[in-house]
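**Student:** predicted model follows, preceded by the sequence.
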Amino acid sequence: MDQEILTALSSGDIETRLAAIGRAAEIPTEAVVSRLAELIENRDEGEPLRQAAAEALGRAQARPGLVVLLRLLESADAHERTPAAI
């Protein structure tokens, strides 16, 4: 299941990626949390994906994901803070 979600998170189809992000909160493995953090931090990703990934990290309540969100909240860059704050 973990690999299935990781594959879907890298899909070229935005709907597939958003669905995978929604499921990712239920399986907060290290690899999934890491991939969600990458999505949030990648400015080339659209705001809907970045925001959904931040929400998934928050719902997962996995320590590594929360650390990422806290780091982003402390960023001087508003573009980084926004997904984490919502």
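**Tutor:** Now that the structure is in, tell me what you want to look at. This is a predicted model, so every value here is computed, not measured.
**Student:** low-confidence regions, the chain specifically.
**Tutor:** Applying pLDDT under 70 to the chain flags the ranges 1, 81, 83-86.
**Student:** switch to 50 and redo it
**Tutor:** Along the chain, segments meeting pLDDT under 50 are nowhere present.
**Student:** which parts of it are helices?
**Tutor:** Along the chain, counting by DSSP state H, helices occupy 2-9, 14-24, 30-41, 47-60, 63-73, 78-85.
**Student:** present the ones you listed as CSV; the columns should include mean neighbour count.
**Tutor:** Placement of C-beta: from N, CA and C, glycine included. Output for the helices of the chain, formatted as CSV (neighbours: other Cβ atoms under 10 Å):
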stretch, mean neighbour count
helix 2-9, 15
helix 14-24, 18
helix 30-41, 20
helix 47-60, 20
helix 63-73, 16
helix 78-85, 16
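**Student:** mind listing what the nearest residue in space to residue 64 that is not next to it in sequence touches?
**Tutor:** In space, and not counting its chain neighbours, residue 64 is closest to residue 33: 4.9 Å by Cβ to Cβ, 6 or more residues apart in numbering. For residue 33, the set of contacting residues under the criterion of Cβ atoms under 8 Å, 6 or more residues apart in numbering consists of 57, 60, 62, 64-65, 68.
**Student:** now the two most distant members of these.
**Tutor:** Based on Cβ to Cβ, the longest span within these runs between 60 and 68 and measures 10.9 Å.
**Student:** let me know the outermost residue of the chain.
**Tutor:** Distance from the C-alpha centroid of the chain, by Cα atoms, centre = their mean, peaks at residue 76 (19.6 Å).
**Student:** list the contacts of that residue.
**Tutor:** Contact analysis of residue 76 by Cβ under 8 Å, 6+ apart lists nothing.
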